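In: how would this look folded up:
(chains A and B)
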Amino acid sequence: MTGGIVIGGWEFVWAAYGLTFLALGAYGTSLALRLRAFGEQTPEGRSSREARDEEIGPASAGSISSPARGGASRRSIEEEEQ
Amino acid sequence: MAFEAIPKPSPRAPLVAGAFLAVAAALLAVGSYIGLFVAPPEHFMGEVQRIMYVHVPTAWNAMLALTFAFVCAIVVLFKQDWKWDARLEAWLEIGVLLSFLLCVQGSIWAKPTWGVWWDWDPRLTTTAVLCFAFVGILALRRFVEDPVKRATWSAVATIVAYVDVPIVYFSVKWWNSLHQTQSTPQTVASSMITPLRINAFGILFLIVGLSILRSQLARRKIAAELAPPLPEQDRLAPTGGVA
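Out: Purely as a prediction, here's the structure:
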């Protein structure tokens, strides 16, 4: 700072813009990844996975379909079938 | 009956969110370009003032996100609908993210202009309190296992914490503050208003797009929590042909 006037300072500008867009981008990416991961446990994800299982065959399907799958997808599918 | 229907994710939501995010990216690219390379430097702060084009829109949108969270909290208490609880969770998280970014940007701007990274002046202190209060509500949502209690308690906590939002806004008027008072179009050169507004709308579109995605995630989590577990026999039965 010279005589009450700030000289230079571009590094602070880049830091502010960089951190902001990095954080927003990282949050958006994490959301997309979390949705994708969760989508595989929901009816839409399950139906696409089961379609893939049918193509692959029952032997492989056993290793893809986890017994720990939550009750949500099962119940939603049952509701849809009804 | 309250909190009954299990929320279903909307199949169109990712498309709508994608449209909002695409518009946001375009607006932020244009606004940031004008703010960084076209707008003139400020007389006293020079180039450092360009931080304003991202700091002020972040502040406006942080307040807006927390206001949306406040509205969602009120609707949760009156309608007791899981969709609004999912929206509450989304806006809380986005509001906290923007409040945190606001503190970081302000700190970066403070160093070359005030000579310090942080000062306990009213605006900065109330903003930090705001950020920590809403972080606390997000923590509350993670620790409470009962979905109904979680929705109700976090809605009440959001309404209580929202009291700090107008305090943050008026803090520079109520107390002697190192932070400057709010600028208006009359006190800012028109060449500086354009990037400010473009970035403000850019961040607005961005957070609307992100909130759509985040509330979809919250809906899926609530649906998974509310659905009864599979019977023990079903869970242990082999699902394929593995011997």
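In: stretch B:157-167: which residues count as buried?
Out: By neighbour count on 16 or more other CB atoms under 10 Å in any protein chain shown, the buried set for stretch B:157-167 is B:Ala157, B:Thr158, B:Ala161, B:Tyr162, B:Asp164, B:Val165. For every residue, glycine as well, the C-beta is placed using N, CA and C.
In: now stretch B:39-55
Out: Buried residues in stretch B:39-55 (16+ other CB under 10 Å): B:39, B:42, B:45-55.
In: can that stretch be found next to chain A?
Out: Yes: with CB under 8 Å from any CB of the partner chain as the measure, stretch B:39-55 is seen reaching chain A through B:His43, B:Phe44, B:Met45, B:Gly46, B:Glu47, B:Val48, B:Arg50, B:Ile51, B:Val54, B:His55.
In: quick check: the residue lying closest to the last one once chain neighbours are set aside vs A:Leu24, distance?
Out: Setting aside the residues directly before and after it, B:His55 is nearest to B:Gln105 in space (CB to CB, 6 or more residues apart in numbering or on different chains), at 4.4 Å. Noted for B:Gln105: a distance of 12 Å to A:Leu24, by CB to CB, to the nearest Å.
In: now swap in B:Thr158 and tell me
Out: Distance of B:Thr158 to A:Leu24, given as CB to CB: 22 Å.
In: residues near residue 5, how many?
Out: All of this refers to chain A. 11 (other CB atoms under 10 Å in any protein chain shown).
In: was after chain B, sorry
Out: Counted with other CB under 10 Å, the neighbours of B:Ala5 add up to 10.
In: tell me the contacts of it?
Out: Neighbour list for B:Ala5: B:Asp81, B:Trp82 [criterion: CB atoms under 8 Å, 6 or more residues apart in numbering or on different chains].
In: please apply the same query to B:Trp153.
Out: By CB under 8 Å, 6+ apart, the contact set of B:Trp153 is B:Leu140, B:Val144.
In: quick one: what helix or strand has it in it?
Out: Counting by DSSP states H and E, the element that carries B:Trp153 is helix B:147-161.
In: for B:Val13, which non-adjacent residue is closest in space?
Out: For the record, residue B:13 is Ala, not Val. B:Gln216 (4.9 Å).
In: quick one: that neighbour is in a helix?
Out: Yes: assessed with DSSP: H, G, I helix; E, B strand; the rest coil, B:Gln216 lies in a helix.
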